[in-house]
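**Q** What follows is a predicted protein model with its sequence.
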Amino acid sequence: MLRRNVETDKKRTKREVSKKTGLSVSGLRTDKGVKTIGNHCSPFLMISVSIAQVAVYMYYGFSHGEWMTYHYDLYESPLVFDTGYRKQAWRFASYILIHLGLGHLILNVPAQLILGIPLEKVHGHIRLGTIYMAGVVAASLASSFFTPCDLLVGASGGVYAIFAAHLANAILNGSDVTKKISGLVQCVLVLMCFDFGCSICNGLCSFSLGVVKLSSAAHVAGALAGLCVGLMVLKNFRKSVADKAVFWVAVLAYACLMIFAIFWNVFWARDDSC
């Protein structure tokens, strides 16, 4: 009778945790009254996005006969973000499909897979997709404001959003998630920190390689968007009063920045300024 009651309590606990977190009951297990969360989602989103980026790269590689570096005709692609065509709204997001050379592709695709898959498996496709696209759009909006004469390509905005989402995840869930981060993910996070610093130095020093410049504004904007949106949409398994304050600060900061950037692009930006 006692054993039966214990099993009933465990089932009830699983149902309660499932209702609060949105996880399926099968993705939960209870050990001595401690609720733990198991991986439950397949990384469909990150894999699909990466396949699309590789496919577009191969298409332009075959079209231009250039695989290792970029071809100048690539700048005429309708997918590239160009402030002169800001009325073509899809460009604010489609630029992530274009990469300037094999090195650019190799930097972004593995990074977003290594960083994105762990988050997607725990938090789901919709939450990670929201964070990724928030970073992508924020990067293009920031680029249009700070560097309106430069074209923007590559998935760095989304990658930095996922990078910052790991910080948001650690803020919300603390040691529950940091203990589960693999060594490979930790290495990539360190490399992203290094690259982030390089992008800022590049922006301050106006360093360039040929006509290709690192967009530090896009990187910073993508990271800020990933942090703010991550604090808003990621699952919080250890809710507290402080977390509510963090949530509303993130909402206010993200809303103010996005409203300003969107209004500037719609009402004040000039397409012929370059």
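**A** Ah, there it is. Numbers count the residues shown, from 1 in each chain.
**Q** correct me, but residue 142 touches residue 258?
**A** No. Look at residue 142 against residue 258 with C-beta atoms under 8 Å: they stay out of range, at 10.5 Å. Any C-beta I mention is one placed from the backbone N, CA and C, and that applies to glycine too.
**Q** between these two, who's got more neighbours?
**A** Taking other C-beta atoms under 10 Å, residue 142 and residue 258 do not tie; residue 142 has more neighbours (24 against 17).
**Q** quick one: the more buried one is in a helix?
**A** Yes. According to DSSP: H, G, I helix; E, B strand; the rest coil, the state of residue 142 is that of a helix.
**Q** pLDDT below threshold where in the chain?
**A** 1-40, 70-71, 175-215, 269-274 (pLDDT under 70).
**Q** What are the boundaries of the strands in it?
**A** Per DSSP state E, the chain carries strands over the ranges 28-31, 34-37.
**Q** domain parsing for the chain?
**A** 10-40, 43-268 (automatic domain parsing).
**Q** Point out the most buried one among these.
**A** Sort the domains of the chain by mean neighbour count, taking mean count of other C-beta atoms under 10 Å, and domain 43-268 sits at the top with a mean of 18.
**Q** how close does residue 229 sit to residue 136?
**A** Per C-beta to C-beta, to the nearest Å, residue 229 is found 11 Å from residue 136.
**Q** Could you name every residue contacting both of these two?
**A** Common contacts of residue 229 and residue 136 (C-beta atoms under 8 Å, 6 or more residues apart in numbering): residue 161.
**Q** Report the separation between residue 78 and residue 137.
**A** Between residue 78 and residue 137 the distance, using C-beta to C-beta, works out to 18 Å.
**Q** correction: residue 47
**A** Distance from residue 47 to residue 137, by C-beta to C-beta: 22 Å.
**Q** which residues sit in contact with the closest residue to residue 225 other than its chain neighbours?
**A** Closest residue to residue 225 apart from its sequence neighbours, by C-beta to C-beta, 6 or more residues apart in numbering: residue 138 at 3.6 Å. By C-beta under 8 Å, 6+ apart, the contact set of residue 138 is 157, 161, 221-222, 224-225, 257-258, 261.
**Q** cool, residue 123 as well?
**A** For residue 123, the contacting residues are 41, 169, 233-235, by C-beta under 8 Å, 6+ apart.
**Q** could the residues you listed go into TSV alongside distance to residue 150?
**A** Formatted as TSV, these follow (distance: C-beta to C-beta, whole Å):
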residue	distance to residue 150
41	37
169	32
233	30
234	32
235	37
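**Q** What is the nearest of the residues you listed to residue 113?
**A** residue 41 (14.8 Å; C-beta to C-beta).
**Q** you'd agree the closest one is up against residue 117?
**A** No. Between residue 41 and residue 117 there is no contact under C-beta under 8 Å: 9.8 Å.
**Q** circling back to that earlier point, please report how far the residue nearest to residue 225 lies from residue 155.
**A** 13 Å.
**Q** Check residue 125 too.
**A** Residue 125 is 17 Å from residue 155, where distance means C-beta to C-beta.
**Q** Repeat that for residue 225.
**A** Residue 225 is 14 Å from residue 155, by C-beta to C-beta.
**Q** now residue 256
**A** Residue 256 sits 26 Å away from residue 155, going by C-beta to C-beta.
**Q** Repeat that for residue 133.
**A** The value you get for residue 133 to residue 155, if C-beta to C-beta is used, is 11 Å.
**Q** Helices of the stretch 101-250 of the chain, start to end?
**A** 102-123, 125-146, 156-173, 175-178, 183-205, 216-233, 241-263 (DSSP state H, counting those that start in this stretch).
**Q** Out of those helices, flag the one nearest residue 90.
**A** Using C-beta to C-beta, the helices of the stretch 101-250 of the chain put helix 125-146 closest to residue 90, at 10.7 Å.
**Q** relative orientation of the closest one and helix 156-173 in degrees?
**A** Relative orientation of helix 125-146 versus helix 156-173 (axes from the mean of the first three to the mean of the last three C-alpha atoms, to 10 degrees): 130 degrees.
**Q** All set, thanks.
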